[in-house]
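Chemist: have a look at this fold, sequence not included:
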């Protein structure tokens, strides 16, 4: 039971990356280089954020400003990754390749090292299933962020600032208010 729970959590968290990669036929277009560059870019930005967090540990009372700084570092890292030359001509496939690599590394750093020791216990808990769903939502959030950063117009930058400054992330919605507050937040912006 514990092993099947771990496999379910891993497939839920990492399965969409494989499905999107195969469905967009990125392997035929030679997207390995773009995916690897975005994985390395995400890893470098994670190290920069860790260095800044260690440097700014004295002033951690203002976590909102630190989260804002970390989101801006992610945006800058995605812009730098998207400027690298690759052999993908299709703009949409390039967006998907960068988003898959970035979100995959982000998922590995956030969720994989939590799944392996904790999801193999004898007790079944829903927290790891929710982490897998959160990983899927973060993948689509990264996909939209990369798409907005690639479009390079004023409206997309305004939407990015709206996302960074105003909207909370999905994990905060799930942990604080549950899915009903997420529905209320989405319905408020849609209606």
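Modeler: That came through fine. Everything quoted here is computed from the prediction, not taken from an experiment.

Chemist: just the element for residue 88, please.
Modeler: Using DSSP states H and E, residue 88 sits in no helix or strand.

Chemist: and stretch 21-34, how far out from the chain's middle?
Modeler: Computed by Cα atoms, centre = their mean, to the nearest Å, the chain-centroid distance of stretch 21-34 equals 19 Å.

Chemist: number the residues from 9 up from this point.
Modeler: Got it, first residue is 9 now, which makes that one stretch 29-42.

Chemist: hmm, who's touching stretch 115-133?
Modeler: By Cβ atoms under 8 Å, 6 or more residues apart in numbering, the residues outside stretch 115-133 that reach it are 9-11, 13-14, 17-18, 21-22, 25, 50-51, 54, 136, 139-140, 142-143, 146-147. Quick note: C-beta positions are derived from backbone N, CA and C, even for glycine.

Chemist: mind giving me the ChimeraX select for the residues you listed, buried ones only?
Modeler: To isolate the buried members of the contacts of stretch 115-133 in ChimeraX, using 16 or more other Cβ atoms under 10 Å:
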select :13,14,17,18,21,22,25,50,51,54,136,139,140,142,143,146,147
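
Chemist: mind checking which of the contacts of stretch 115-133 are in helices?
Modeler: Those of the contacts of stretch 115-133 mapping onto helices are 10-11, 13-14, 17-18, 21-22, 25, 50-51, 54, 136, 139-140, 142-143, 146-147, per DSSP state H.

Chemist: so residue 136 makes contact with residue 13?
Modeler: Yes - using Cβ atoms under 8 Å, residue 136 is in contact with residue 13, at 7.3 Å.

Chemist: tell me, please, the helix or strand in this protein that averages the lowest pLDDT.
Modeler: Within the chain, no helix or strand scores below helix 186-198, which has a mean of 45 by mean pLDDT, DSSP states H and E.

Chemist: list the residues that contact residue 151.
Modeler: Residue 151 neighbours (Cβ under 8 Å, 6+ apart): 103-104, 107, 111.

Chemist: what helix or strand is it on?
Modeler: helix 135-159.

Chemist: now that helix, how far from the centre of its chain.
Modeler: The answer for helix 135-159 is 4 Å, by Cα atoms, centre = their mean.

Chemist: do the same with stretch 24-44
Modeler: Centroid displacement of stretch 24-44 relative to its chain, using Cα atoms, centre = their mean, is 17 Å.

Chemist: who's in contact with that stretch?
Modeler: So stretch 24-44 is in contact with 92, 94-96, 98, 101-102, 104-106, 108-109, 111-112, 115, 144, 147, going by Cβ under 8 Å, 6+ apart.
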